[in-house]
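1. For reference, the sequence and a predicted model appear below.
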Amino acid sequence: MKLASWNVNSLRVRLPHVLDWLGSARPSVLGIQETKLTDDKFPSSELQAAGYHVVFAGQPTYNGVALLVDASIFQAPSDIQVNNPLFPDDQIRLVTATLTPVAQGVAIRVICAYVPNGSEVGSDKYAYKLRWLDALAVWVRAEAQRHPALAVMGDFNIAPEDRDVHDPEAWREKVLCSSAERERLQTLCACGLTDAFRLAEQPANLYSWWDYREAAFRRNRGLRIDLILLSQALANACRGSGIDTAPRKLERPSDHAPVWVECALG
DNA sequence: ATGTCTCAGGGACTGAGA
């Protein structure tokens, strides 16, 4: 079973890239962020034709999240939850579902998250980001107790450690890297979750996001801000993880690359 | 390099968000 997450920065623009990647990488579950689509415009038929169940929640212009679920592996998603029930929010940044295998095996709970960017340390948007993360941790703690096999994946807009940053000194205490943000991520992980990327050795300087400006991708001036957090039960079943930079090299790419983990589906 | 990309409004370009 392969779980993956990708901030596509407009699913309308990026649908061809997503369909190509579904075909080549064949993720069992793909969490998508920044669909930037209202629900009436979601490309359900194209994605269903590729063999995926679709769960989506969008709004005009900004944000929006979705889950694509391989219909040959999982039944139709159930217990769907949009946003955090503990945090009333005009912005749609979370979609959650329970996925039950078609064959034998345990159901998994998957949370797809688009964490607020935060704009700049000290700004109103930054304060909203911290409040949003505080509320997420409270809710995820409850979800983890209800669902032993839990994955929380998405664009966290937080680089967990300095080794996830191309130039840690330039980013010191800047948004995406500040101590307060990293502490929120640690609190979230204290719910019993592990950053799957660090379960095994990884190449140095492997990132998931590069600014469109300054030729950042060509110079590999990136950050690893897209994460897949696994509960103990799933972490024990993890067989590998990585970041696929190939889609970032295409014409008109998203600024993010898809991240993935492989788990033995028990 | 204030360097790019996407979206809405409006019907060419500007501003916001990232």
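-> Yes, it's here. Residues are numbered from 1 along each chain as shown, chains lettered A, B, ... in the order given.

2. Need the three-state assignment for A:A97.
-> Here A:A97 is recorded as strand under DSSP: H, G, I helix; E, B strand; the rest coil.

3. and A:Q145, how many residues sit next to it?
-> Burial of A:Q145 is recorded as 11 neighbouring residues (other C-beta atoms under 10 Å). C-beta here means a position set from N, CA and C on the backbone, and glycine is covered the same way.

4. now it: how far from DNA strand B?
-> A:Q145 sits 31 Å away from DNA strand B, going by C-beta to the nearest atom of the strand, to the nearest Å.

5. ok, now A:D195?
-> Distance of A:D195 to DNA strand B, computed by C-beta to the nearest atom of the strand: 21 Å.

6. number of nearby residues for that residue?
-> A count of nearby residues for A:D195, using other C-beta under 10 Å, gives 19.

7. what sits opposite it in the beta ladder?
-> A:D195 forms beta bridges with A:L229, as assigned by DSSP bridges.

8. quick one, what contacts it?
-> Going by C-beta atoms under 8 Å, 6 or more residues apart in numbering, A:D195 touches A:160, A:189, A:227-229.

9. and the residue of the stretch 1-150 of chain A found nearest DNA strand B, backbone torsions?
-> Relative to DNA strand B, the nearest point of the stretch 1-150 of chain A is A:S10 (3.3 Å; C-beta to the nearest atom of the strand). The phi and psi torsions at A:S10 (degrees, to the nearest 10) take the values phi 90, psi 100.

10. just to revisit the earlier point, which one of the contacts of A:D195 sits closest to DNA strand B?
-> Among those, and counting by C-beta to the nearest atom of the strand, the member closest to DNA strand B is A:L227, at 15.4 Å.

11. sorry, back to before: would you reformat the contacts of A:D195 as JSON lines and include neighbour count, distance to DNA strand B and pLDDT?
-> Converted to JSON lines, the contacts of A:D195 look like this (neighbours: other C-beta atoms under 10 Å; distance: C-beta to the nearest atom of the strand, whole Å; pLDDT from 0 to 100):
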{"residue": "A:P160", "neighbour count": "21", "distance to DNA strand B": "18", "pLDDT": "97"}
{"residue": "A:C189", "neighbour count": "17", "distance to DNA strand B": "23", "pLDDT": "98"}
{"residue": "A:L227", "neighbour count": "27", "distance to DNA strand B": "15", "pLDDT": "97"}
{"residue": "A:I228", "neighbour count": "26", "distance to DNA strand B": "19", "pLDDT": "98"}
{"residue": "A:L229", "neighbour count": "26", "distance to DNA strand B": "20", "pLDDT": "98"}
